[in-house]
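[1] Return a 3D structure for these sequence lines:
(one chain, ligands or ions: 1)
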Amino acid sequence: MKSLACSLYGHDLKVTKKITSHIKEYQCQKCKKKYTTSPSGSITELTQKRQEINTVLENMHQKKLNRKVAKVYS
Ligand SMILES: [Zn+2]
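    Numbers count the residues shown, from 1 in each chain. Below is the predicted model of the structure:
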């Protein structure tokens, strides 16, 4: 779906998912297209491939967090 407003004013991105402290997933509130943070730190289209990478990163991040929590409470 194309939105003229997006090409004129830019996308109205809202964070839909926090993967790590640096990487997030976004969705444009106007055209509903999905975006994510690229490894270089810019916003890029959320492709199938990037979605898979994000899932892996998210799992790794969760495990790391759990380990930290375990350390604090042991
Ligand atoms: Zn848009």
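
[2] Can you list the residue ranges for helices in this structure?
    4-9, 48-73 (DSSP state H).

[3] May I see the buried residues of the shortest one?
    By neighbour count on 16 or more other C-beta atoms under 10 Å, the buried set for helix 4-9 is residue 6. For every residue, glycine as well, the C-beta is placed using N, CA and C.

[4] How far off centre is it?
    22 Å (C-alpha atoms, centre = their mean, to the nearest Å).

[5] Need the residues that contact it.
    12, 28, 30-31, 33 (C-beta atoms under 8 Å, 6 or more residues apart in numbering).

[6] Among the helices of the chain, single out whichever gets nearest to the ion.
    helix 4-9 (3.3 Å; C-beta to the ion).

[7] if we can go back for a sec, rebuild the helices of the chain as CSV, extending it with distance to the ion and mean pLDDT.
    Shown next, in CSV, are these (distance: least, C-beta to the ion, whole Å; pLDDT from 0 to 100):
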stretch, distance to the ion, mean pLDDT
helix 4-9, 3, 90
helix 48-73, 17, 90
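
[8] Compare those and give me the one nearest residue 21.
    Closest approach to residue 21 among those is made by helix 48-73 (8.3 Å; C-beta to C-beta).

[9] re earlier: out of the contacts of helix 4-9, who has the most neighbours?
    Top of these by neighbour number is residue 28, holding 18 neighbours under the definition other C-beta atoms under 10 Å.

[10] what's the closest non-adjacent residue to that one?
    Beyond its immediate neighbours in the sequence, the residue positioned closest to residue 28 (C-beta to C-beta, 6 or more residues apart in numbering) is residue 11, lying 4.0 Å away.

[11] And the pLDDT for the one you found?
    Note for residue 11: predicted pLDDT of 94.

[12] Same question for the one 5 residues further on.
    Model confidence at residue 16, given as pLDDT, is 97.

[13] Tell me, how many residues neighbour it?
    Residue 16: 13 neighbours (other C-beta under 10 Å).

[14] does it really touch residue 28, like I thought?
    No - using C-beta atoms under 8 Å as the test, residue 16 is too far from residue 28 to be in contact (10.2 Å).
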